[in-house]
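Asks: Next come a sequence and a model predicted from it.
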Amino acid sequence: MIKYIIRRLITLVPIIIGVTLVVFTILEMTPGDPAKMMLGDGATLEQFEAFNEKFGLDKPFVSRFFNYILQLFTRFDFGTSWLTSRPVLDTLKARVPITLIIAVSSIAFASTIGVSLGVISAVKQYSKLDYVSRLTAMVLAAVPVFWLGMMLAILFALKLGWLPSSGTGSWKHYILPMMTLGLPYSARILRSTRGYMLEAVRQDFVRTARSKGVPERYVIWKHAFLNACLPVINTIGVYMGGLLGGAVVTENVFGCNGLGSFIINSVKRKDIPAVTGGTVFLAMIFALILLAVDILYAFVDPRIKARYTAKGAK
Amino acid sequence: MDTLNNTLLKVENLHVVYKARRETVYAVNGVSFCLKKGETLGLVGETGAGKTTTAYAIMRVLPDRTARIVNGIIEFEGYNLLDVPENLMRHGIRGEKIAIIFQDPMSALNPIMKVGDQIAEALKFHNKEDLSPERIEEQVDRTLELVGIQKERKYDFPHQLSGGMKQRVVIAIALVCEPVLIIADEPTTALDVTIQAQVLAMIDELREKLGTAMILITHDLGIVAQMCDNVAIMYAGEIIEIGSVEDIYSGKMQHPYTAGLFGSLPDLEKKTDRLHPIEGLMPDPTDLPKGCKFNPRCPRCMDICRNVQPEFTVEGTHKVACHLYGSGKGRGIDE
Amino acid sequence: MVMNKKPLRSMSPLQETIYRFSQNKVSLIGLAVVLLLIFIIIFGEFISPFENGVKQNIRMRLQGPSAEHWFGTDAYGRDIFTRVLHGTKYTMMIAFPATFIAEVIGIILGACAAFYSRWFDNILMRVLDVFQAIPGQLLALAVVAALGGSLFNLVIAMLIARIPASVRTARSIMLSLVGQEYIDAARSYGSRDYHLIFRHVIPNSLGAMIVSMTINLSAITLQVSSMSYIGLGVSPPTPEWGALLSEAREFIITAPHLIIFPGIAILLTALSFNLVGDGLRDALDPRLRD
Amino acid sequence: MSERKEPILVVNNLKKYFRTKKGLLHAVDDVSFTIDEGRTLGVVGESGCGKSTLGKTIMRLTEPTGGEVFLQGEDIVSMNEGRLRKARLKMQMIFQDPYSSIDPRMSLAQIISDPLKVNRLCSSKNEIDERVDRMMRIVGLAPRLRESYPHELDGGRRQRIGIARALVLDPKFIICDEPVSALDVSIQAQIINILMDLKEEKGLTYIFITHDLSVVKHISDEIAVMYLGQCVEKAPSEELFLNPVHPYTKALLAAIPVPNLSKRHARPTVIKGEVGNPIDPVPGCRFAPRCDYATQKCTGRNPELREVAKGHFVACVLYNGEM
């Protein structure tokens, strides 16, 4: 298993290089001269040249790219901000925990609600509960995250005054972002869990279990659910991408100083190295999450496991 | 003559329908048969004849949202199974006294559970004698060896086994609680001929050894000839002919549908130039024809067949539901 | 000779899909909303002229809903109803072309991957792996960062963010279709590759592709508005829904109606696309329902 | 005037290997045979013996790894696309699965006429319609079904569509890949009768691939038994059933359940074990691990097909040279 994890970690390398290339290329298309943008029109020619040399802008695209990759893999260096001249990594280090707390708490929240209601909804198909949860999920899946955030803030912060509406001081500050981001995804997870569960309870092996005389609860959870779990885990992994993107917006709504607001601010100020660094970093986190999902998958499903461990293969 | 207390299972006038959104599928329409202890009954018919539905009704594992048992009695060891509450059914009957072997071994096993655990599961939930975990393991080992699999393979997952081995595991699951009745739903249809021969020989041997009664559902008249004591031929949810194998294979007083089934088979021993199949198709189960269900396809159809549902004509153990036979109601018109 | 039930009249798979869709009330409501949106885009000017949404009237600022101003007025006294009404156009102008182009590219690349398998498919998959490692929202942000936030650039941004998912969906649909025996059959009676693609694969994939398209429309609607909301999409004077909400932030306490109505507009749009998509999926493959 | 006895199809040392993660899968391994015009060759074997791959490889739906296939003297394997398309006009295929082998978005008439259209064989719409009608009549599809769609029809009628589609090009030679195994017995018999009538009327030549021995006996003039990619025995149909020689053939024949009471409870001699793995096989008889008569001679070298009686070939060391 460890061998498998290491092998999978190695496959991340080309992906990260690819991600960097994509981000680099897109941002390369920014029109205008960065030095002029950063220093303003009043700066002298020497200042321009010094800026360009400092950030390697006098070199061609390809060499800058390779240099970046080299720095990234040897020194875990995400470049230097044009604005502050400080390493991007320093800022990232300070801000990533906030984003991670929001993302992890909301996915945990969403999965708990989504999976459990999804299973119940499928088992009691066409019951009242099923209709209500499906209807709610239908609406929640179409709610814009930032709008939901504003509505929740109006209700819980401004009207009821239970929770703070912005900032990151205490654990209370994280509740609204968690719900904002978690609710729409719990709806999506509910919908897919229900679908996979409905598929699973119709499988032949579930009928086998029933005809063995196994109690119904056991049939549902041990046989149907554990099998439905596999695609559900996969779906949750895929949703993580959207969720991380949503975290960027949620931070903006609740004024959290996380990675998301850092990227947005950097975009607004055209601080290209900061945007690159932030995006690549977030993509790395996402790639790690997908990897974790894959490993979890192999852990639950012996068929996948067998494909990777030498012993299991026939 | 049979004594009554020898009867293990008695199905009487069983009717099952499936209700889809706007349609009612009449899957089983008044099926009756009797099964004695240790006996094997072949349930023969083509797709849609209602064989599997009958089996599921006996086990009460029909999909509860769509299927309804509208009428009938299923008497097993003196109790009507249709009146037994669900938890008793689960606890005392399903898997314990009646076990089922499903058709497709590829999908009948849980892919993420070790086969040993899947066999042990049935034991655990019917643990009347309070067996210790070690004893359960022993029982699993023994059952695996009974079906011809080394006990070490209980740690395997289904994907590590071949099709034939999977079916052996499915059979092991059915046998592990030593039921008195096994329902085998096309147990070898998904297997190759040589593997089929192995599995059938094994089932037959075990059944004899354990004295288990069996309902063997199949479409293969060859398998029936090899395995069964009695045969029931089903068509459109009804048993149209029932009797001992000798009755059915003798060709005497044969239902035209049975004759058609035999006529569809190429003979291995004689050179036949042409097959004599039944023309046409199975009737639509939501809209069954009046009278004899087989009348639209029957080469010997008479006026009466289109209007009057035929009763069984009985000759010893042999019963046929056809107007051609019996009191001569139809004979006069035909000849 | 044949005793099976005869259909009253033969329905092609398309007709059948339409018939089944028409039996699904919830999806019909979704479709009605979508049609209403299209109606608004075309006839919005007649319902309430754009002028009403631009005209400033300081005396009428931050009014709640009334008979004159159904959705109330904003900080400049502009009519919110008109602004929301005309906002439809902007969202759709981005969502429709982006979805459509993404889907076409998906079909083309997916078909190529399925037909010229091995090497092309391998390369495509590696490229997709890379693109899918970047959350869509971030990819869109990067594009906007580079190009700026005009309507056209937003279409590009959404396109780039959506293409990977579209291609992946199309590819898996196409691959499963190419595995069907009727493709082999068609090849065996002399069909050329373009026959296979245009006569068999694409017609059979269309249903599933349209489903994925409606779901994408919903996702893009949400994404466009959130881009505008964080100030990196369509910028405020334009009455795009996200931009309206962005403007309304300051008045979250004093004038909640500024927030409620544009939000509901986005919600309804996304919801109705989802409803149509779900209904289509059920209509295409009725087995999934029961 | 061509000679009457000229073989329509000659297959020489045909091989098809698939690359898999675990190794090279020998699906079809060195199979040779000839078929004379108007005859039917039955190919039987259990799942995984390569019989379906054999059919697809002859059609060149998958590219053969090696060997030659001559259709009326022309080598199919070396043909370019265009010539292959021409050759396929003479050689058609009927597929196993009546569900997935028919495009669900086309009406019956479209399905049956598609081969004519893609090959541009008919000049007018009338001509196409006429030929479609004729084909439908021949395979027993009611004319009112013309505009029906496959999902409205049952398996038997779908299989008739498949036959009509294969026949509309007027081929000389048809590969039937388990055309009846997905059907119920009574429908199966209907289809078999159609296939046999067509052969009579049009002088068709068939390769009939199946796992069902009683069907193959009924329809074939000659039968080839395959095991793990190789042909182990080949003989005229009657001869094979009267005098099976290869231990595998014997076991296969013994395993068929006969629908009469003559063999009741007489348990057949069951062969042990299961079909082996076709990946990277070592030379030697592939049946040896399951064979009761296996000796050391069976390993190390592939047994060759030898003639043991007129037209009866077997690949087994027991019959090497002697007899």
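Replies: Yep, that arrived.

Asks: Against residue A:273, how distant is residue D:68?
Replies: Going from residue D:68 to residue A:273 by CB to CB, to the nearest Å gives 64 Å. Using the backbone N, CA and C atoms, a C-beta is placed for each residue, glycine as well.

Asks: Actually, residue B:220.
Replies: Using CB to CB, residue B:220 is found at 74 Å from residue A:273.

Asks: picking that back up, out of residue D:68 and residue A:273, which sits in the more crowded spot?
Replies: residue A:273 (21 against 15; other CB atoms under 10 Å in any protein chain shown).

Asks: hang on, the more buried one in a helix?
Replies: Yes. Judged by DSSP: H, G, I helix; E, B strand; the rest coil, residue A:273 forms part of a helix.

Asks: Report the contact partners of the closest residue to it other than its chain neighbours.
Replies: With sequence-adjacent residues excluded and distances taken as CB to CB, 6 or more residues apart in numbering or on different chains, residue A:273 is closest to residue A:79, at 4.0 Å. By CB atoms under 8 Å, 6 or more residues apart in numbering or on different chains, the contact set of residue A:79 is A:68, A:71, A:87-88, A:273-274, A:276-277.

Asks: Kindly recompute the last result at 7 Å.
Replies: A:68, A:88, A:273, A:276-277 (CB atoms under 7 Å, 6 or more residues apart in numbering or on different chains).

Asks: Could you tell me which residues of chain B lie near chain A?
Replies: B:59, B:61, B:90-91, B:94-96, B:100, B:102, B:104, B:107-112, B:121-122, B:125-126, B:157, B:159-160, B:173 (CB under 7 Å from any CB of the partner chain).

Asks: filter those down to the ones near chain D?
Replies: Counting by CB under 7 Å from any CB, no member of the residues of chain B next to chain A is near chain D.

Asks: Next step: those restricted to strands.
Replies: Counting by DSSP state E, these place residue B:100 in strands.

Asks: how about the host helix or strand of residue D:132 against chain C, any contact?
Replies: Using DSSP states H and E, residue D:132 sits in helix D:125-139. No. Counting by CB under 7 Å from any CB, chain C is not contacted by helix D:125-139; separation bottoms out at 12.8 Å.

Asks: Who are the packing partners of that helix?
Replies: With contacts defined as 3 or more CB pairs under 7 Å, 6 or more residues apart in numbering or on different chains; DSSP states H and E, the packing partners of helix D:125-139 are helix D:108-118, helix D:155-167.

Asks: Going by residue numbers, what spans are helices in the stretch 1-150 of chain C?
Replies: For the stretch 1-150 of chain C, the helices defined by DSSP state H, counting those that start in this stretch occupy C:13-22, C:25-47, C:50-54, C:80-115, C:117-132, C:136-147.

Asks: for the chain, what's the longest helix?
Replies: Looking at chain A here, since you left the chain open. Identified as the longest helix of chain A according to DSSP state H is helix A:88-123.

Asks: looking at chain D here, not the other one
Replies: Under DSSP H, chain D gives helix D:185-202 as its longest helix.

Asks: Any stretches of chain C with poor pLDDT?
Replies: For chain C, the stretches with pLDDT under 70 are C:1-10, C:50-55, C:60-62, C:67, C:70, C:77, C:117, C:286-290.

Asks: Alongside chain A, which residues does it contribute?
Replies: Residues of chain C lying near chain A by CB under 7 Å from any CB: C:129-131, C:133-138, C:141-147, C:218, C:222, C:225-226, C:229-232, C:245, C:252-253, C:256, C:259, C:263, C:266-267, C:270-271, C:274.

Asks: Quick check: which ranges of the stretch 101-250 of chain A have low pLDDT?
Replies: In the stretch 101-250 of chain A (pLDDT under 70), the answer is A:167.

Asks: helix, strand or coil for the residue of it at minimum distance from chain C?
Replies: Per CB to the nearest CB, residue A:245 is where the stretch 101-250 of chain A lies closest to chain C, at 2.6 Å. Of the three states, residue A:245 takes helix according to three-state DSSP.

Asks: Correct me if wrong: it contacts residue C:140.
Replies: No. Using CB atoms under 7 Å, residue A:245 is not in contact with residue C:140, being 8.2 Å away.

Asks: Who has more neighbours out of these two?
Replies: Per other CB under 10 Å, whichever of residue A:245 and residue C:140 has more neighbours is residue C:140, with 28 against 25.

Asks: Give me the residue at the spatial middle of the chain.
Replies: Reading this off chain A. Nearest residue to the geometric centre of chain A (CA atoms, centre = their mean): residue A:244, 3.2 Å.

Asks: Can you look at chain D instead?
Replies: So for chain D, CA atoms, centre = their mean, it's residue D:209, sitting 2.6 Å from the centre.

Asks: can you tell if the helix or strand following the longest helix of chain A touches chain B?
Replies: Remark: after helix A:88-123, the chain's next helix or strand is helix A:128-141, criterion DSSP H and E. No. Against chain B, helix A:128-141 shows no contacts by CB under 7 Å from any CB, the least distance being 12.0 Å.

Asks: Stretch C:15-29 now?
Replies: No. Using CB under 7 Å from any CB, stretch C:15-29 stays clear of chain B, with a minimum separation of 9.1 Å.

Asks: Can you point out the buried residues in that stretch?
Replies: C:16-17, C:20-21, C:24, C:27 (16 or more other CB atoms under 10 Å in any protein chain shown).

Asks: Specify the local secondary structure of residue D:232.
Replies: strand.

Asks: who's in contact with it?
Replies: Taking CB under 7 Å, 6+ apart as the test, what residue D:232 contacts is D:225-226, D:246, D:248-249, D:287, D:315.

Asks: Can you give me the pLDDT of it?
Replies: pLDDT recorded at residue D:232 is 91.

Asks: Would you map out the domains in chain A?
Replies: As given by automatic domain parsing, the domain ranges for chain A are A:2-77, A:95-269.

Asks: Close to chain C: what parts of the stretch 1-150 of chain D are there?
Replies: D:59, D:61, D:85, D:88-89, D:92-93, D:95, D:97, D:100-105, D:107, D:115, D:118-119, D:142, D:147-149.

Asks: again, 8 Å this time
Replies: D:56, D:59, D:61, D:85, D:88-89, D:92-93, D:95-97, D:100-105, D:107, D:114-115, D:118-119, D:142, D:147-149 (CB under 8 Å from any CB of the partner chain).

Asks: now do the stretch 201-335 of chain B
Replies: Applying CB under 8 Å from any CB, we find that the stretch 201-335 of chain B lies next to chain C at B:279-284, B:286-287, B:289, B:296-297.

Asks: can you give me the helices in the chain?
Replies: All of this refers to chain A. A:2-28, A:34-39, A:45-54, A:61-75, A:88-123, A:128-141, A:145-152, A:175-201, A:204-211, A:216-218, A:226-254, A:259-268, A:272-300, A:302-308.

Asks: nope, chain B
Replies: Under DSSP H, chain B gives helices at B:51-59, B:86-88, B:105-108, B:115-125, B:133-146, B:163-175, B:193-210, B:221-227, B:245-250, B:256-263, B:331-334.

Asks: so of those, which one's packed in deepest?
Replies: Stretch with highest mean neighbour count among the helices of chain B: helix B:163-175 (a mean of 25; mean count of other CB atoms under 10 Å in any protein chain shown).
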